[in-house]
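Undergrad: Predicted model, plus sequence, below.
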Amino acid sequence: VLMRRHSVRRCRRRITVLLLMAAGCISYIDRAALSVSNTAVMADMHMSYTGMGLLLSVFAWAYLAGQIPTGLLADRFDSRVLLGAGLVLWSCAQMAFGLVHSVTGLFLARIGLGLGETPLFLSGTRALVRWYRPQERGRPLGLFNGSAALGPALAPPLLLAIMMVWGWRGMSVAIGAASLVLAVVWIRFYRDPADLSPNTATRQTLPRSDHSAPAGLVQALRHDLGYLLRRRSSWVLTAGYAGVIYITWLYATWMPAWLQTSRHLTIGQAGMLSALPQFCGFAGSVLGGFVVDHLAAMGVGRLNACRTPLVLAMLVAAIATALATLPTGLTVMITFMGVALFAGGLALSTGWMLGTVIAAEHRVATLQAIQNTGGSLGGALAPAVTGLLADRFGSFTPSMLTAGAIGLASVAIYQFGQRPEDVAAP
């Protein structure tokens, strides 16, 4: 009986990882829908590159605004309810994007999408922290973060196929409906381990529960948010992660349009080619979890197990992004993009895991909300700055060089900003 219960719990936490990966994929497919269809939307709605850049970035501004409030909620409320509510909200917003007929309506729908997706990685990470012990978290967190790259990789062929039949409006409604189905599945399946009354034997396979989170909002602001905002390490994570997301979100939002304008490709050709580097990003994200676990097993400290591959990956991503602007053939250009996104995916995964090293369990979601505020700022600036520079210079080259410089700044922040005393007690 004990073995059967233990097997059921192993199965439940694996399914939890799979559902979170599915949610991550669909969320990034929803985000990427506008990237794939932006030239069609621009033509239908008579928008400039600058206007499209602002529409692409408004999602990230809304995402940024919801980070800290959602992080505080994620540390105090069941992931089943909070993430389920987010799934429902972003599903409705994505469907609304395909139904409205004004530019204002498009902006409002993207704002709703950003707010709805806010709980995903905060509440999802909290769920994995609840189900996996510290030495086991690298791989599930790597897989979960890998979905952020797998979604954009799957998006071009999938979304282009739907667009060919139903257009960009029908595509938005279809993927919004798919998100709604996942919301129902998550709400029906997920349970916190504390709600399943584990016996003594299976409790040993779960992380020790941390009951020190204060219940009241005032206490939460003082003891958790206030404490974290006073720590230098929180600001280091926030500033460094802004650079990570700037580079990866630049590719996620503008790569198809960049290929269309710089290489004179059709929307279909550009969309299909942009999927290849995104698959490299997925591979890098998944590998990040294995690298961290492997380094930890070799006896490398928890901080360096995350920081060392993060710094090296961001260095490669920054250099490869700058090299992609060289006047080379299309194959070489796509190769540089693939290298940049592979390294960016690895940095995305290891950078996110760094938050679980710095914060105690009951503050993980709040710290990662602070960190993701920086990431959201990078995600908001990347498409907006790129659109402005593309209109100003008639080329994407200045935008890519700017991204490379931001990546190098992120390397310096992580390398020189984090210290061994920043690590939380296991």
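TA: Received the coordinates, thanks. Numbers count the residues shown, from 1 in each chain.
Undergrad: pLDDT below threshold where in the chain?
TA: 1-8, 196-223, 361, 424-426 (pLDDT under 70).
Undergrad: Determine which residue lies closest to the centroid of it.
TA: residue 148 (4.9 Å; C-alpha atoms, centre = their mean).
Undergrad: which residues does that one contact?
TA: Applying C-beta atoms under 8 Å, 6 or more residues apart in numbering to residue 148 gives the contacts 24, 28, 121, 248, 285, 345, 348. Backbone N, C-alpha and C define where each C-beta goes, glycine included.
Undergrad: ok, residue 360 to residue 226 distance?
TA: Between residue 360 and residue 226 the computed distance is 15 Å (C-beta to C-beta, to the nearest Å).
Undergrad: For the two, indicate the residue with more neighbours.
TA: Neighbours were tallied for residue 360 and for residue 226 using other C-beta atoms under 10 Å; the higher tally belongs to residue 360 (16 against 11).
Undergrad: gap between that one and residue 422?
TA: As it turns out, when the distance is counted by C-beta to C-beta, residue 360 lies 12 Å from residue 422.
Undergrad: swap in residue 140?
TA: Here the distance between residue 140 and residue 422 works out to 23 Å (C-beta to C-beta).
Undergrad: So these two - more neighbours on which side?
TA: Neighbours of residue 140 and residue 422, each counted by other C-beta under 10 Å, are more numerous for residue 140; the result is 22 against 18.
Undergrad: so which helix or strand takes in that one?
TA: Secondary structure assigned from DSSP states H and E places residue 140 in helix 138-189.
Undergrad: next one: that helix to chain centre, how far?
TA: Distance, stretch centre to chain centre, for helix 138-189: 13 Å (C-alpha atoms, centre = their mean, to the nearest Å).
Undergrad: the helices in the stretch 301-426 of the chain, which residues?
TA: Along the stretch 301-426 of the chain, counting by DSSP state H, counting those that start in this stretch, helices occupy 302-323, 330-358, 364-393, 397-417.
Undergrad: buried ones in the third one?
TA: Of the residues in helix 364-393, those with enough neighbours to count as buried (16 or more other C-beta atoms under 10 Å) are 364-390.
Undergrad: what two of the contacts of residue 148 have the greatest distance between them?
TA: When the contacts of residue 148 are compared pair by pair using C-beta to C-beta, the two farthest from each other are 121 and 345, 14.5 Å apart.
Undergrad: Compare these two (neighbour count), which wins?
TA: For the pair residue 121 and residue 345, the greater number of neighbours falls to residue 345 (33 against 28), based on other C-beta under 10 Å.
Undergrad: Report whether the expected contact of that one with residue 285 is present.
TA: Yes: look at residue 345 against residue 285 with C-beta atoms under 8 Å: they come within range, at 3.8 Å.
Undergrad: Now the common contact residues for the two.
TA: Counting by C-beta under 8 Å, 6+ apart, the contacts common to residue 345 and residue 285 are 146, 148-149.
Undergrad: between those, which is nearest residue 107?
TA: When these are compared for distance to residue 107, the smallest value, 23.5 Å, is given by residue 148; criterion: C-beta to C-beta.
Undergrad: Distance check, the closest one against residue 142.
TA: Noted for residue 148: a distance of 11 Å to residue 142, by C-beta to C-beta.
Undergrad: Which helix or strand contains residue 101?
TA: For residue 101, no secondary-structure element claims it when assigned by DSSP H and E, so it is in no helix or strand.
Undergrad: and it, backbone torsions?
TA: Main-chain torsions, residue 101, degrees, to the nearest 10: phi -130, psi 20.
Undergrad: quick one: the residue nearest to the centre of the chain and residue 388, what's the gap?
TA: Between residue 148 and residue 388 the computed distance is 25 Å (C-beta to C-beta).
Undergrad: contacting residues around residue 127?
TA: Contacts of residue 127 were listed using C-beta under 8 Å, 6+ apart, and they are 16, 20, 79, 83, 190, 192.
Undergrad: Report how many residues lie close to the fourth one.
TA: The criterion is other C-beta under 10 Å. On that basis, residue 83 has 27 neighbouring residues.
Undergrad: okay, the angle between the host helix or strand of it and helix 138-189?
TA: Mapping residue 83 onto the secondary structure by DSSP H and E places it in helix 79-97. Regarding helix 79-97 and helix 138-189, their directions subtend 80 degrees when assessed with axes from the mean of the first three to the mean of the last three C-alpha atoms, to 10 degrees.
Undergrad: For helix 79-97, name the packing helices and strands.
TA: The criterion is 3 or more C-beta pairs under 8 Å, 6 or more residues apart in numbering; DSSP states H and E, and the helices and strands that helix 79-97 contacts are helix 2-45, helix 49-74, helix 103-117, helix 119-131, helix 138-189.
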